[in-house]
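>>> sequence first, predicted coordinates after that:
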Amino acid sequence: MFCDLAETESFTKAAQINEITQSAVSQQIGSLEKQFKSLLIERSKKKFRLTREGQVLYEYSKQIIQTYDSLHNKLQEIKDIVSGTIRIATIYSIGLHDLPPFIKRFLKSYPTVNVHVEYRRSNQVYEDVLGNVVDVGLVAYPAKDNKLEVVPLRRDKLVLICHPQHPLAKCKTIQLKELVGQKFIGFEPDIPTRKAIDKILKDQNVMVQHVMEFDNIETVKRAVEIDAGISIVPQGTIVQEVAKQTLIEVELADGEFYRPLAAIYKKNKVLSPAMKQFLAILKGETAAAK
């Protein structure tokens, strides 16, 4: 609990992770300070900060926890047991379209494992992984961070989508320059896929007219389905809509643009047998897909 507090720098988050009240976290910190006869957190400043003694306790506590986790996992491996809980934070598009078949395959092989999935914005996935709220995160366009391990997964092709009655629906392929001035349904500016699409358009000197912005792929698709505008999205997210002909997919003629997907977890994290198997299934399936 003390490590969670040190990493999240939040009594509220530490309480949530450990499923106790904020008051209980404060009481346990008080007990630790009594036990070690040391002040562990500087309470006089607005910003959360460990004292020198608190920093030492955190560093040694991490070693103790990692040693305990390694012991627990080693005993499970000896007994050939794959159980426990895997906590996953994922962006909407991966969680809804890429993840389900992997979870189905994993649970078929390891039915005693409990898989808990949370749908989050991209920046929140990173926060949850770094704060130990979850074990693994699933993101697009993974950011480099020396505190994280990144496991590259598959790449998803980007395509144009439009309403069946839209003038562009007749095209099999289209050049980006033909999108100049078009009404465009985009992701919100802080979302990595939006940044990547903006760069693609900018590199081609294409200015579109952003009429709507959303934080998830499903709402983007619904807006295009009512002919509010066109959009560029990952191909794997529109399979059902294209099959039902509620959306038309048009290939981009300027080249093939891909959205890389990745699993992330905290560096130096002791991986449980369940997590090792889950990551192996993610990597194995995606390698096969390539």
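Yep, that arrived.
>>> can you give me the neighbour number for residue 258?
13 (other C-beta atoms under 10 Å). The C-beta positions use only the backbone N, C-alpha and C, and glycine is treated the same way.
>>> is it true that it touches residue 156?
Yes. Residue 258 is in contact with residue 156 according to C-beta atoms under 8 Å; the separation is 6.5 Å.
>>> give the contact list for residue 95.
117, 119, 138 (C-beta atoms under 8 Å, 6 or more residues apart in numbering).
>>> may I have the predicted confidence score for the residue in the chain sticking out farthest from the centre?
Residue farthest from the centre of the chain, counting by C-alpha atoms, centre = their mean, is residue 37 at 40.4 Å. Looking at residue 37, its pLDDT stands at 91.
>>> how about residue 19?
Taking residue 19 on its own, its pLDDT is 84.
>>> again, but for residue 144
Predicted confidence (pLDDT) for residue 144: 90.
>>> excluding sequence neighbours, find me the nearest residue to it.
residue 150 (7.7 Å; C-beta to C-beta, 6 or more residues apart in numbering).
>>> give the buried residues for the helix ranked longest in the chain.
Counting by DSSP state H, the longest helix found in the chain is helix 52-78. By 16 or more other C-beta atoms under 10 Å, the buried positions in helix 52-78 come out as 54, 57-58, 73, 76.
>>> any chance you could list what contacts the helix or strand of the chain with the lowest mean pLDDT?
Among the helices and strands of the chain, helix 273-289 carries the lowest confidence by mean pLDDT, DSSP states H and E, at a mean of 75. With contact meaning C-beta under 8 Å, 6+ apart, helix 273-289 is reached by 73, 76-77, 81-86, 101-102, 105-106, 109-110, 113, 115, 135-136, 151, 153-154, 261, 263, 265, 271.
>>> just the ones in strands from these, please.
Of the contacts of helix 273-289, the ones assigned to strands by DSSP state E are 84-86, 113, 115, 136, 151, 153-154, 261, 263, 265.
>>> residue 254: what secondary structure?
Under the three-state scheme (DSSP: H, G, I helix; E, B strand; the rest coil), residue 254 adopts coil.
>>> let me see the contact set for it.
So residue 254 contacts 175-176, 204 (C-beta under 8 Å, 6+ apart).
>>> from the residues you listed, which is closest to residue 96?
residue 176 (27.0 Å; C-beta to C-beta).
>>> dihedrals phi and psi, that closest one?
Main-chain torsions, residue 176, degrees, to the nearest 10: phi -60, psi -30.
>>> doesn't residue 200 make contact with it?
Yes. Counting by C-beta under 8 Å, residue 200 is a contact partner of residue 176 at 7.2 Å.
>>> which one's more surrounded, the two?
residue 176 (20 against 17).
>>> which residue is the nearest non-sequential neighbour of the more buried one?
In space, residue 176 is closest to residue 204, 4.4 Å off (C-beta to C-beta, 6+ apart).
>>> ok, that neighbour - contacts?
176-177, 254.
>>> with residue 38 instead?
Residue 38 neighbours (C-beta under 8 Å, 6+ apart): 51, 53-54, 57.
>>> hang on, the earlier thing: and the furthest pair within the ones in strands among the contacts of helix 273-289?
Largest separation among the ones in strands among the contacts of helix 273-289 by C-beta to C-beta: 84 and 154, giving 26.6 Å.
>>> just the buried residues of helix 52-78 now: which is nearest residue 14?
Nearest to residue 14 among the buried residues of helix 52-78, with distances taken as C-beta to C-beta, is residue 58, at 12.5 Å.
>>> gap between the two ends of stretch 152-172?
31 Å (C-alpha to C-alpha, to the nearest Å).
>>> residues of that stretch that come out buried?
In stretch 152-172, counting by 16+ other C-beta under 10 Å, buried: 153-156, 158-163, 166, 168, 171.
>>> ok, which pair from those is furthest apart?
So, those by C-beta to C-beta: farthest apart are 153 and 166, at 32.1 Å.
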